[in-house]
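> Sequence below, structure please.
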Amino acid sequence: MGRIFVSWPGYSPLDPETGARLVAAGHELVLQAKTGHRSPEELSGFIGGCDAAIVSTDPFTREVLSANRDLKLIARVGVGTDSIDHDAAREFGVGISITPGMNAETVADQTLAMILALLRRVVTQDQAVKAGRWDRVGAATPTELYQKTVGLVGAGAIGQAVIRRLVGFGTRVVYFDGMVEHVAGATRCATLDALIEMSDVVSLHAPLLPETRGLMNAARFAQMRQGSYVVNAARGGLVDQPALFSALRSGHLAGAALDVFEVEPPGADALADVPNLLTSAHIGGISRESVARMTRSATSSVLAVLGGDIPETVINPEALRARLAGR
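Model prediction:
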């Protein structure tokens, strides 16, 4: 049967709901978990002869896809596909599937946790107490989320889940999204600039597209209120990291929380001497529950495509239709 490349960490050939289903169907698993940076050359060396892939943020460039023409499906565990060359996938008849709607609540939890941790200085307080200090006032004094204005850039499924959580904290919630006209509990801003200028916290929930890359740059950080905060649990490329770090070092911004980075992992040197920066390892969409849902979905997508079907999770069905038609 087929060979399936798997880069999602922890994916097991013994799990009856994921890997064992592929094995039972006669497929061979090529397990190469992605736990750090992976180059296109490394990826290409792993996927030779593979018919499908269940992946994390692996770099499926044009060169990788051109050199591995057996590949029929890239099943992304998650919804972000900016690490995949969509034009090349269409040209070579490679389907791209995602796991939509399965981690929106998880990302919303992470976003709220980061906002609260920043404003309440949770990490700073934890470190101080463990070091023998009792810093209750002065620079270590936290602030409140209550009655703050939180601005969301993007109000899709994740953004709306964040809004539902924020309403209970007595916040004023505003959002900017050209595709969403109304969200209960929030006010729509006509422009991104208007949102930035009125918000105490700016939280990003937009996809990474050519027009959104570097969306938060030096000019926009300068527009933000003195002492405000930035949270990014969406895509690292939305933020100009050097500009953000400069705004933190100058004290213009009071803090930032990043779950995603331009380069992942970013490395200790890239984050050295950046004050009031809270970080996590791109875990926004990851929980025990969401991983189970997403890996089950990705597995089902692979089985469907290798069986000659095109599931609804495929976002470029025309590429697979052309391939299945033999064109």
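> Strands of the stretch 1-150 of the chain, residue ranges please.
3-6, 28-31, 52-55, 73-76, 95-97, 149-153 (DSSP state E, counting those that start in this stretch).
> now those strands in a markdown table, with mean pLDDT?
Shown next, in a markdown table, are these (pLDDT from 0 to 100):
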| stretch | mean pLDDT |
| --- | --- |
| strand 3-6 | 98 |
| strand 28-31 | 97 |
| strand 52-55 | 98 |
| strand 73-76 | 98 |
| strand 95-97 | 98 |
| strand 149-153 | 98 |
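> Check the gap between the residue positioned nearest the centre of the chain and M1 for me.
Residue closest to the mean C-alpha point of the chain, counted by Cα atoms, centre = their mean, is A234 at 4.3 Å. As judged by Cβ to Cβ, to the nearest Å, A234 and M1 stand 37 Å apart. (Each C-beta comes from the backbone N, C-alpha and C, glycine too.)
> which residues in the stretch 201-327 of the chain form helices?
For the stretch 201-327 of the chain, the helices defined by DSSP state H, counting those that start in this stretch cover 218-223, 241-250, 288-306, 317-324.
> ok, back up a step: ranking the strands of the stretch 1-150 of the chain by burial, who's on top?
Most buried of the strands of the stretch 1-150 of the chain, by mean neighbour count (mean count of other Cβ atoms under 10 Å): strand 73-76, with a mean of 29.
> Tell me the bridge partners for V173.
Beta bridges link V173 to V150, judged by DSSP bridges.
> and the gap between A155 and P100?
On the measure of Cβ to Cβ, A155 and P100 end up 16 Å apart.
> which of these two has more neighbours?
Between A155 and P100, counted using other Cβ atoms under 10 Å, the more crowded position is A155 (25 against 15).
> what about the more buried one, which helix or strand?
Using DSSP states H and E, A155 sits within no helix or strand.
> Am I right that it is in contact with Y175?
Yes. Between A155 and Y175 a contact is recorded at 4.3 Å, counting by Cβ atoms under 8 Å.
> Could you tell me which residues touch both of those two?
Listed contacts common to A155 and Y175 are 163, 183, 186, 188; contacts here mean Cβ atoms under 8 Å, 6 or more residues apart in numbering.
> In PyMOL, select just the buried ones from the residues you listed.
Those of the shared contacts of A155 and Y175 that count as buried under 16 or more other Cβ atoms under 10 Å are selected in PyMOL with:
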select buried, resi 163+183+186
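> Can you lay out the shared contacts of A155 and Y175 as a markdown table showing secondary structure, distance to G255 and pLDDT?
Supplementary listing: the shared contacts of A155 and Y175 in a markdown table, determined by DSSP: H, G, I helix; E, B strand; the rest coil; distance: Cβ to Cβ, whole Å; pLDDT from 0 to 100:
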| residue | secondary structure | distance to G255 | pLDDT |
| --- | --- | --- | --- |
| I163 | helix | 21 | 98 |
| V183 | coil | 26 | 97 |
| A186 | coil | 23 | 98 |
| R188 | strand | 26 | 98 |
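> between the shared contacts of A155 and Y175, which is nearest L209?
Of all those, L209 sits closest to R188, with 20.4 Å by Cβ to Cβ.
> Enumerate every residue touching the closest one.
Counted by Cβ under 8 Å, 6+ apart, R188 has contacts 155, 174-177, 180-182.
> Perfect, I'm done here.
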